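Chemist: after the sequence you'll find the predicted model.
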Amino acid sequence: MDEKVEIIKVGIADMNVVSAPNRIRTSGLGSCVGVVIYDQLKEIAGLVHIMLPDSSLSKAGTMNHAKYADTGVKELVKKLVQLGARPSMLKAKIAGGAQMFQFSNTSDMMRIGPRNVEAVKRELTELKIAIMAEDVGGNSGRTIEFCPKSRILHIRTVNKGTQEW
Amino acid sequence: MEFISNLSSIHLDILKEIGNIGAGHAATALSKLLNKKIDMQVPHVKIVTFDEMMELSGGADHVVAAVFLRIEGEAPGSMFFVLPPEQATVFIRQMIGDEEFTFDQLAESELATSALQELGNILSGSYLSSLSDFTGLALYPSVPALSVDMVGAIISFGLIELSQVSDYAIVIDTALNEDDVEISESVRGHFFLLPDPDSFHIIFESLGVRDNG
């Protein structure tokens, strides 16, 4: 049992997929939301690091699907299905959406964390993907790592150390 | 991205000069505050991806103390003063006069938190007022907010405005440290100025340089 475990890293506004025994990780989630979607029997999982709630906010010419909740979740599901995941068996775990700074004027931009979480949940509900665990909100940054084999999401924060979800 | 590809070397020089003037004043303020010589590096103006932006201050996982403020007024943007824990500890010790202070105590110590916040306040205020004088633009800082957390979690907040139009950031980065301390790159303090996308042409125009160079 000395198979080498590789950890796939996902950057900001980025996505990737992984199959067991490898793991997938994204670092420093603040107001961004990390969405893990997995097929538990096939032991495959994907992770997308979402920055913004809605692709209609985009004023850019080129479109990075992984940046937005609506397009990011859809695109990730598509990638997983290509890998052999069955759409009806997909489950999700989500983390992030913190409010890193407290300001007195709570404009929409300052509430970006909660808005990202709402948008991700709306999208998952629409695709009928159940959320098995969520660690969202608060005001701490999170680094998350998912193991498709154990289906455990490891969430590390500066103050609380690593917790399993 | 349109506004990035339109930048010429003149534009980059202007942005570098902004970093120079702003951080120069901030370094003077810091030097007066601590009664020490402060060394400032030549500013860098970089066009970076969001991931590279995190690498500039040690990687998304790296823990830092950061003061963040929004710039409001004629050329809105975001500003960060990022300190690695080692450097923040040194500054706090000097400000509160307690040599025993360690970084772990920061969360419990109201005095230390307030000292660090005030430090960020003074430095970013002097950066911004010199920028305002130089460009003749009216710029108002929001009340600065302090956070001790992972770089990725902190910096990404300042990229939100930008991320709606681009996958790249133009960052004006100036490093500061105490003059007499041999210090490695990773423990320097950094100023990051991130103008909102629409602010670039306002800044250039205020200095008599046209957008298309």
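Modeler: That came through fine. Numbering: from 1, shown residues only, chains lettered A, B, ... in the order given.
Chemist: do a quick rundown of the strands in the chain.
Modeler: Assuming you mean chain A. A:7-10, A:15-19, A:23-29, A:33-39, A:44-50, A:90-96, A:130-136, A:142-147, A:152-157, A:161-164 (DSSP state E).
Chemist: chain B, not that one
Modeler: Applying DSSP E to chain B gives strands spanning B:38-40, B:44-49, B:63-73, B:77-83, B:139-141, B:145-150, B:168-178, B:189-195.
Chemist: looking at the ones you listed, which is closest to chain A?
Modeler: Among these, the nearest to chain A by Cβ to the nearest Cβ is strand B:145-150 (3.8 Å). For glycine as for every other residue, the C-beta is placed from the backbone atoms N, C-alpha and C.
Chemist: buried stuff in stretch A:77-91?
Modeler: Buried residues in stretch A:77-91, counted by 16 or more other Cβ atoms under 10 Å in any protein chain shown: A:77, A:79, A:80, A:85, A:90, A:91.
Chemist: average pLDDT across that stretch?
Modeler: Averaging pLDDT along stretch A:77-91 gives 94.
Chemist: now find how far off-centre it is within its chain.
Modeler: The chain centroid and the centroid of stretch A:77-91 are separated by 15 Å under Cα atoms, centre = their mean, to the nearest Å.
Chemist: now stretch A:10-26
Modeler: That offset, for stretch A:10-26, works out to 10 Å (Cα atoms, centre = their mean).
Chemist: what's the end-to-end length of that stretch?
Modeler: Terminal residues of stretch A:10-26 lie 5 Å apart, using Cα to Cα, to the nearest Å.
Chemist: what about that stretch, near chain B?
Modeler: Yes - Stretch A:10-26 is in contact with chain B by Cβ under 8 Å from any Cβ of the partner chain, via A:11, A:12, A:13, A:14.
Chemist: for the residues you listed, pick the one with the most neighbours.
Modeler: Within the residues of stretch A:10-26 next to chain B, most neighbours by other Cβ atoms under 10 Å in any protein chain shown means residue A:12, with 27 neighbours.
Chemist: once you drop chain neighbours, what's closest to that one?
Modeler: In space, and not counting its chain neighbours, residue A:12 is closest to residue B:50: 4.5 Å by Cβ to Cβ, 6 or more residues apart in numbering or on different chains.
Chemist: residue A:25 too?
Modeler: Among residues not flanking residue A:25 along the chain, residue A:145 sits closest, at 4.1 Å (Cβ to Cβ, 6+ apart).
Chemist: for that neighbour, grab the count of nearby residues.
Modeler: Neighbour count of residue A:145, defined by other Cβ under 10 Å: 21.
Chemist: surely residue A:90 and residue A:39 touch.
Modeler: Yes - using Cβ atoms under 8 Å, residue A:90 is in contact with residue A:39, at 5.9 Å.
Chemist: list residues touching both of these two?
Modeler: residue A:80 (Cβ atoms under 8 Å, 6 or more residues apart in numbering or on different chains).
Chemist: now do the contacts for the residue in chain B that chain A sits nearest to.
Modeler: Residue of chain B nearest chain A, by Cβ to the nearest Cβ: residue B:152 (1.8 Å). Residue B:152 makes contact with A:12, A:27, A:28, A:29, A:30, A:141, A:143, B:54, B:59, B:60, B:61 under the criterion Cβ under 8 Å, 6+ apart.
Chemist: tell me the pLDDT of it.
Modeler: 92.
Chemist: can you check residue B:211 too?
Modeler: Residue B:211 is given a pLDDT of 60.
Chemist: so the residue nearest the centre of chain B bridges to which residues?
Modeler: Geometric centre of chain B, nearest residue: residue B:191, 2.3 Å, by Cα atoms, centre = their mean. With beta bridges defined as DSSP bridges, residue B:191 has these partners: residue B:81, residue B:174.
Chemist: contact partners for it?
Modeler: Contacts of residue B:191 (Cβ under 8 Å, 6+ apart): B:19, B:22-23, B:26, B:79-82, B:123-124, B:127, B:172-174, B:176.
Chemist: one more: residue B:82?
Modeler: By Cβ under 8 Å, 6+ apart, the residues touching residue B:82 are B:57, B:64, B:65, B:66, B:151, B:154, B:155, B:189, B:190, B:191, B:192.
Chemist: please repeat the previous calculation with a cut-off of 7 Å.
Modeler: Residues near residue B:82 by Cβ atoms under 7 Å, 6 or more residues apart in numbering or on different chains: B:57, B:64, B:66, B:189, B:190, B:192.
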